[in-house]
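*Asks:* please find the sequence and the predicted model below.
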Number of protein chains: 2
Amino acid sequence: MVDQRVALRQEARRREVMEVAIAVFSERGYRAASMNDIAANMGMGKASLYHYVTSKEEVLIELYEDVLRENVIAARRIASSQRTALDALAELLADRVAYTCRNRDLLRIFFEEEAELPARQQSRLISVRHEYEQTLLDMVARGEAAGEFSLPTTPQIFVNTVLGAANWVYKWYQPQGPLSPEELGSQIAGILLAGLRSP
Amino acid sequence: MVDQRVALRQEARRREVMEVAIAVFSERGYRAASMNDIAANMGMGKASLYHYVTSKEEVLIELYEDVLRENVIAARRIASSQRTALDALAELLADRVAYTCRNRDLLRIFFEEEAELPARQQSRLISVRHEYEQTLLDMVARGEAAGEFSLPTTPQIFVNTVLGAANWVYKWYQPQGPLSPEELGSQIAGILLAGLRSP
DNA sequence: TCTTGATTCGACCGATGGGTCGAATCGCTG
DNA sequence: CAGCGATTCGACCCATCGGTCGAATCAAGA
């Protein structure tokens, strides 16, 4: 019963570490950021930090794990969508953009620190990404087969292009700007799919 | 006259260093890559490397300088284009994609190592990027004013989205694939601008 | 108040890496 | 072949950093 309270407090503190790590890794880069930076930003010494975390690498892996989990969930949700392919595509893109806006720092790490991951996690990352893209690819193929639209290119190229535009958002979205993540999401989805509306 | 020959050979060797640096920095990341890695990849010791280069930071700065110069030139060329805004936009995007395909490693560094730059170079980077975007923005505004097309969003958002799709290419283009940089460029431009063709 | 485990920390270790230095070669020119 | 600058290198210096350890402090329950 006391164990419970203690465990919860530790959990909360550990999450706090992760938040600070996201900010620090994102700002200076994983390699350039030191464990001391994280500790200092939490108002403690480096040694204390290791009470909540076993290694720098573990922190990075956990951050990737979080994003990966999100991706898997999103992929499942897409696959089970009942709408027309075009509508599903639009909602998916809008969602992804909104998610990116809300987690810019985390996604900067996710997209830019791949090389820092140990081999095991790297291949997991590749496989999850592949699953996600495959789901998108299937959706595009379905829409094209159903005559909803016709592409001027390969589905693969189309998906890569559209996903690139959505992902890039982490580089330029400003939370203090006039647009909410959702608004920006639907606008970008509009731009990207406008060409498909009239075959 | 001998000075000349020697100077040329040094120049060539220095460029060789830059090429190797691009490969190494791109693969392991600027911070994780060591000067020793670069030297080893050139078949020499670390100390010898410093005969051609004064510091690791200088190498990075020179790489950025190269891309920046390219950007400035491109911006000028865009501004002086005589075509309709839409055609100019299409060619610009295609060019940019092709350039990205041909310099994937360099652009990975350019896009992902910003934080490693000293403050002086960082503000230069920001200002050049701003100039480039401004040129694009003007072009879009001109096209819209001329009634060539109408945007479903702000010109700024449109430019950011479209540029994101083009830049992201460094993450997925495969030189051994069936498409040449130019072919891919025009296909992507087609996807991105398809929505503007019929207002 | 005593006890026990959680939390914090200063000091330290070992490894890595940027950069330097003096000396040894190398290669061309006179 | 003598001489000189270009080139290379091994050894070294020093700062940083990930991670550890033992001790001190704190908090709460009995």
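*Replies:* Structure's in. What do you need? Numbering: from 1, shown residues only, chains lettered A, B, ... in the order given.
*Asks:* quick check, stretch A:58-66 touching chain B?
*Replies:* No. Figure legend: stretch A:58-66 not in contact with chain B (CB under 8 Å from any CB of the partner chain); closest approach 12.6 Å. Using the backbone N, CA and C atoms, a C-beta is placed for each residue, glycine as well.
*Asks:* and that stretch, how far out from the chain middle?
*Replies:* 12 Å (CA atoms, centre = their mean, to the nearest Å).
*Asks:* buried set for it?
*Replies:* A:59, A:60, A:61, A:63, A:64 (16 or more other CB atoms under 10 Å in any protein chain shown).
*Asks:* and the helices in chain A?
*Replies:* A:2-28, A:35-41, A:46-49, A:56-79, A:85-102, A:104-112, A:119-145, A:155-167, A:181-193 (DSSP state H).
*Asks:* now the angle between helix B:155-167 and the fifth one, please.
*Replies:* What separates the directions of helix A:85-102 and helix B:155-167 is an angle of 100 degrees, with axes from the mean of the first three to the mean of the last three CA atoms, to 10 degrees.
*Asks:* put together a markdown table for the helices of chain A, with mean pLDDT on each row.
*Replies:* Below are the helices of chain A laid out as a markdown table (pLDDT from 0 to 100):
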| stretch | mean pLDDT |
| --- | --- |
| helix A:2-28 | 90 |
| helix A:35-41 | 98 |
| helix A:46-49 | 98 |
| helix A:56-79 | 95 |
| helix A:85-102 | 96 |
| helix A:104-112 | 98 |
| helix A:119-145 | 96 |
| helix A:155-167 | 98 |
| helix A:181-193 | 98 |
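*Asks:* export those helices as TSV, with columns for distance to DNA strand D.
*Replies:* Formatted as TSV, the helices of chain A follow (distance: least, CB to the nearest atom of the strand, whole Å):
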stretch	distance to DNA strand D
helix A:2-28	5
helix A:35-41	4
helix A:46-49	4
helix A:56-79	3
helix A:85-102	27
helix A:104-112	14
helix A:119-145	15
helix A:155-167	27
helix A:181-193	32
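*Asks:* who wins for proximity to residue B:164 among those helices?
*Replies:* Checking those against residue B:164 by CB to CB gives helix A:155-167 as the closest, at 4.6 Å.
*Asks:* buried stuff in the closest one?
*Replies:* A:155, A:157, A:158, A:159, A:160, A:161, A:162, A:163, A:164, A:165, A:166, A:167.
*Asks:* identify all contacting residues around it.
*Replies:* The contact list for helix A:155-167 (CB atoms under 8 Å, 6 or more residues apart in numbering or on different chains) reads A:93, A:96-97, A:100, A:107, A:111, A:133, A:136-137, A:140-141, A:144, A:151, A:188, A:191-193, B:161-162, B:164-169, B:171-172, B:179, B:184, B:187-188, B:191-192.
*Asks:* and for stretch A:72-79?
*Replies:* A:88, A:92, A:95, A:96, A:99, A:128, A:131, A:132, A:135, A:136, A:138, A:139.
*Asks:* quick one: that stretch to chain centroid distance?
*Replies:* So, by CA atoms, centre = their mean, the centroid of stretch A:72-79 is 13 Å from its chain's centroid.
*Asks:* what parts of chain A come near chain B?
*Replies:* Checking chain A against chain B by CB under 8 Å from any CB, the hits are A:27-29, A:31-32, A:112-113, A:115-116, A:152-153, A:157-158, A:160-169, A:171-172, A:179, A:184, A:187-188, A:190-198.
*Asks:* from those, list just the buried residues.
*Replies:* The buried subset of the residues of chain A next to chain B - by 16+ other CB under 10 Å - is A:29, A:31-32, A:112-113, A:115-116, A:153, A:157-158, A:160-169, A:171-172, A:179, A:184, A:187-188, A:190-196.
*Asks:* contacts only, for residue A:107.
*Replies:* By CB under 8 Å, 6+ apart, the contact set of residue A:107 is A:67, A:100, A:167, A:170.
*Asks:* state the distance from it to residue A:99.
*Replies:* 8 Å (CB to CB, to the nearest Å).
*Asks:* where's the spatially closest residue to residue A:42 that is not a sequence neighbour relative to residue A:43, distance?
*Replies:* Once flanking residues are discounted, residue A:42 sits nearest to residue A:20: 5.5 Å by CB to CB, 6 or more residues apart in numbering or on different chains. Using CB to CB, residue A:20 is found at 10 Å from residue A:43.
*Asks:* more neighbours, the two?
*Replies:* residue A:20 (18 against 7; other CB atoms under 10 Å in any protein chain shown).
*Asks:* tell me how far the more buried one lies from residue B:95.
*Replies:* The separation that residue A:20 has from residue B:95, given CB to CB, amounts to 42 Å.
*Asks:* check the contacts of stretch A:72-79 and tell me the two furthest apart.
*Replies:* A:99 and A:138 (20.8 Å).
*Asks:* who has more neighbours, those two?
*Replies:* Using other CB under 10 Å as the criterion, residue A:99 and residue A:138 rank with residue A:99 on top: 19 against 14.
*Asks:* that one against residue A:70, yeah?
*Replies:* Yes. Assessed by CB atoms under 8 Å, residue A:99 is found in contact with residue A:70 at 7.1 Å.
*Asks:* got the phi and psi for residue A:34?
*Replies:* phi -110, psi 160 (degrees, to the nearest 10).
*Asks:* got it, and residue A:146?
*Replies:* phi -80, psi 0.
*Asks:* if I look at the residue lying closest to it once chain neighbours are set aside, how far off is residue A:136?
*Replies:* Once flanking residues are discounted, residue A:146 sits nearest to residue A:85: 6.6 Å by CB to CB, 6+ apart. Using CB to CB, residue A:85 is found at 10 Å from residue A:136.
*Asks:* more neighbours, these two?
*Replies:* Set residue A:85 next to residue A:136 and count neighbours by other CB under 10 Å: residue A:136 wins out with 25 against 20.
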